[in-house]
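Undergrad: Here's a sequence, model it:
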Amino acid sequence: MKKEIEIVLSPEKAFTTKDFTKIISNRTGYSPNRIKSARLLKRSVDARSRDVKIRMKFELCIDENVIEEKKYVFEYKDVHAKKPVIIVGCGPAGLFAALHLLEQGIKPLIIERGKNVSERKLDIAALNRDHLVNPDSNYCFGEGGAGTFSDGKLYTRSTKRGDVNRILQIFIDHGASEDILIDAHPHIGSDKLPAIISAIRKTIIDAGGEFFFNEKVIDFTIYNDTMTGVKTSGGAVYEGDAVILATGHSARDIYELLSDRKIKIESKPFAAGIRIEHPQVLIDSIQYHCEQKDPFLPAATYSLVQQINGRGVFSFCMCPGGIIVPSATGPQQVVTNGMSNSLRNSSFANAGIVVTIEEENLKKYSEKYGELGPMKFQEEMEANAYTAAGSRHAAPAQRMTDFVLRKTSSKLNSTSYHPGIVSAPLHELLPDFINERLRIAFREFDKKMRGFYTSEANILGVESRTSSPVRIPRNDETLEHIQIRNLYPCGEGSGYAGGIVSSAIDGERCAAMIAGKLCR
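TA: Residues are numbered from 1 along each chain as shown. Model prediction:
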């Protein structure tokens with residue numbers, strides 16, 4: 001028979017024990033010879049008390065061997081001779097749409113404005129070292145999308161939209177650790193993801209899919225309200241049975257193009273604020289209730305949310321043992337984001353602390369720019385941060401306590417942000433409705449995490465790209481654009497996902513809809 005149990009262990013036992021049979025036997029009363037197998041299902045840190053433990057859920061086979069059939073079998077069909085479906089964008093939505101098309105016997109043709117992941121790393125190095133932004137190859141654009149160099153967090157709440165474990169298994173099949181299936185908050189790490197992305201590309205190419213890098217889409221080909229293909233900056237025209245638009249939340253030129261072509265888009269709520277950076281040892285001591293972290297425990301994380309004056313203020317993309325990175329996609333912008341490598345062993349912890357932005361906050365932008373108003377608001381924040389820092393892609397910064405007290409910091413803490421930080425009055429730079437809510441929220445967060453509000457923390461401006469400020473509306477049943485047939489807005493850039501896994505799920509959903517339509 002099969003039986004699920006949960007055991008609670010010390011961090012050392014949880015992460016050093018090779019065979020849990022004896023421990024399970026002692027906890028359950030089943031003799032070891034009756035336990036034919038013990039499969040670990042989930043593992044999580046329980047830090048609710050000072051005695052931090054690891055909770056582990058196992059599936060046991062008692063008295064009989066059960067042959068486990070492989071749950072996921074992926075058959076990628078040969079599509080070399082097939083007519084293609086165009087995918088614009090090579091992030092998780094585009095890549096997983098391509099893989100699903102292959103399963104259906106349909107050829108994916110992926111067009112990416114940026115470079116492949118190996119060449120992209122060189123542009124990112126130049127951005128950190130020389131502060132030079134390649135507008136088409138950076139932390140946001142290029143093979144793998146923004147998530148490739150943003151820790152590879154795989155936790156999602158989108159469990160009703162699709163099979164999360166199926167997405168995780170595809171990552172494992174291409175080189176990710178099997179731990180992502182069992183950890184409560186799985187991540188891959190920015191040092192591991194590039195090789196995994198390259199392996200996914202190889203799978204697609206081997207089956208007959210095609211990639212075109214350094215090709216920016218500059219126009220669409222549309223006949224009788226039906227999209228037939230795209231035109232690129234290199235002068236090429238690519239045609240296919242459908243177009244999946246999976247460009248990510250920073251492809252502002254695509255939003256401009258849609259607006260110019262009178263293809264319906266709409267503004268949507270998003271969030272903006274700052275990125276905060278604490279010493280990791282401080283976050284460890286707060287979350288694990290100790291002066292020194294158990295070496296077997298991972299770097300501590302946190303998740304904070306508070307309603308302030310009718311608006312949500314919350315932590316976003318928390319990176320334990322991580323660094324802050326410059327995520328600008330243009331020459332006169334400062335945009336901050338966070339990432340961690342697989343070991344999460346940096347001495348810093350960072351997170352976005354952001355405020356929900358509603359239409360009422362953006363009235364003057366919407367009156368001037370219509371549905372692109374929220375995007376213009378983002379651009380203005382980023383340009384102001386660039387001007388305030390007065391240096392190429394350095395970030396304006398302030399100690400957290402000085403921000404709350406409305407005074408410019410005479411001295412800043414050390415930082416992981418490679419382009420450097422410059423003391424600036426963020427309490428004057430940020431819009432008032434963001435500024436005031438952050439000031440209150442920092443003190444409120446300290447009530448939940450004693451020690452969070454501290455002069456040891458820097459805040460850096462600005463965190464403006466939490467999600468797309470624009471939605472490309474689509475039919476709920478077919479997933480096609482509500483106005484243009486054969487156009488499938490997809491993923492985070494279209495306003496239908498938020499993160500790697502939910503974007504991948506949305507990519508699969510769009511591919512499945514296209515396959516169903518083509519079969520009919």
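Undergrad: for the residue nearest to S340 when sequence neighbours are not counted, what are its contacts?
TA: Spatial nearest neighbour of S340, excluding adjacent residues (Cβ to Cβ, 6 or more residues apart in numbering): G322 at 3.5 Å. Where C-beta positions appear, they are placed from N, C-alpha and C, glycine not excepted. Contacts for G322 (Cβ atoms under 8 Å, 6 or more residues apart in numbering) come out as D151, G338, M339, S340, N341, R344, S346, F348, A349, N350, S416.
Undergrad: Of those residues - the most surrounded one?
TA: Highest neighbour count within the contacts of G322: N350, with 33 neighbours (other Cβ atoms under 10 Å).
Undergrad: Now that residue. Its backbone dihedrals?
TA: Phi and psi for N350, reported as degrees, to the nearest 10, are phi -140, psi 160.
Undergrad: In space, what's closest to T226 - neighbours in sequence excluded?
TA: According to Cβ to Cβ, 6+ apart, the nearest residue to T226 is R485 (4.3 Å).
Undergrad: number of nearby residues for the one you found?
TA: 16.
Undergrad: Can you give me the distance of it to E508?
TA: According to Cβ to Cβ, to the nearest Å, R485 stands 21 Å off from E508.
Undergrad: what does K153 give?
TA: K153 is 19 Å from E508, where distance means Cβ to Cβ.
Undergrad: Give me the more crowded residue out of these two.
TA: Each of K153 and E508 has its neighbours counted (other Cβ under 10 Å); E508 has more, 24 against 21.
Undergrad: my read is the more buried one is in a helix, agree?
TA: Yes: counting by DSSP: H, G, I helix; E, B strand; the rest coil, E508 is located in a helix.
Undergrad: these two touch, right, it and F96?
TA: Yes: with contact defined as Cβ atoms under 8 Å, E508 counts as touching F96 (5.3 Å).
Undergrad: so what's in contact with those two at the same time?
TA: I167.
Undergrad: The closest residue to Q483 other than its chain neighbours: neighbour count?
TA: Nearest non-adjacent residue to Q483, counting by Cβ to Cβ, 6+ apart: K264, 5.0 Å away. When neighbours are counted by other Cβ under 10 Å, K264 registers 15.
Undergrad: and the gap between K264 and T16?
TA: For K264, the distance to T16 (Cβ to Cβ) stands at 57 Å.
Undergrad: How about L479?
TA: As judged by Cβ to Cβ, L479 and T16 stand 47 Å apart.
Undergrad: These two - which one has more neighbours?
TA: Legend: neighbour count by other Cβ under 10 Å for L479 and T16, higher for L479 (22 against 10).
Undergrad: number of nearby residues for the spatially closest residue to that one that is not a sequence neighbour?
TA: Distances taken as Cβ to Cβ, 6+ apart place M513 nearest to L479, at 4.6 Å, with adjacent residues excluded. Residues lying near M513 (other Cβ under 10 Å) number 19.
Undergrad: Using the three-state scheme, assign M513.
TA: With three-state DSSP as the basis, M513 sits in helix.
Undergrad: Sort out which residues of stretch 301-314 are buried, please.
TA: T301, Y302, L304, Q306, I308, R311, V313, F314 (16 or more other Cβ atoms under 10 Å).
Undergrad: start to end distance for it?
TA: Distance across stretch 301-314, first residue to last, is 14 Å (Cα to Cα, to the nearest Å).
Undergrad: Which SSE is immediately downstream of the lengthiest strand in the chain?
TA: Counting by DSSP state E, the longest strand found in the chain is strand 35-46. Using DSSP states H and E, the helix or strand that follows strand 35-46 in sequence is strand 53-62.
Undergrad: Helices of this protein, residue ranges please.
TA: Remark: helices assigned in the chain by DSSP state H are 11-16, 21-28, 92-103, 117-130, 164-173, 193-206, 252-260, 280-288, 363-369, 373-389, 400-404, 426-429, 432-448, 500-519.
Undergrad: Go through these and pick out the most buried.
TA: Among these, helix 92-103 has the highest mean neighbour count (mean count of other Cβ atoms under 10 Å), at a mean of 28.
Undergrad: so it versus helix 193-206, what angle?
TA: If you take axes from the mean of the first three to the mean of the last three Cα atoms, to 10 degrees, helix 92-103 sits at 30 degrees to helix 193-206.
Undergrad: which helices and strands sit right next to helix 92-103?
TA: Using 3 or more Cβ pairs under 8 Å, 6 or more residues apart in numbering; DSSP states H and E, the elements in contact with helix 92-103 are strand 84-88, strand 107-111, helix 164-173, helix 193-206, strand 243-245, helix 500-519.
Undergrad: tell me the mean pLDDT for it?
TA: In this model, helix 92-103 has a mean pLDDT of 98.
Undergrad: Next: stretch 218-237.
TA: What stretch 218-237 shows for mean pLDDT is 97.
Undergrad: Can you give me the end-to-end span of that stretch?
TA: Using Cα to Cα, one end of stretch 218-237 lies 10 Å from the other.
Undergrad: still on that earlier bit, how far off strand 53-62 does the longest strand of the chain point, in degrees?
TA: Using the same axes, to 10 degrees: strand 35-46 against strand 53-62 is 160 degrees.
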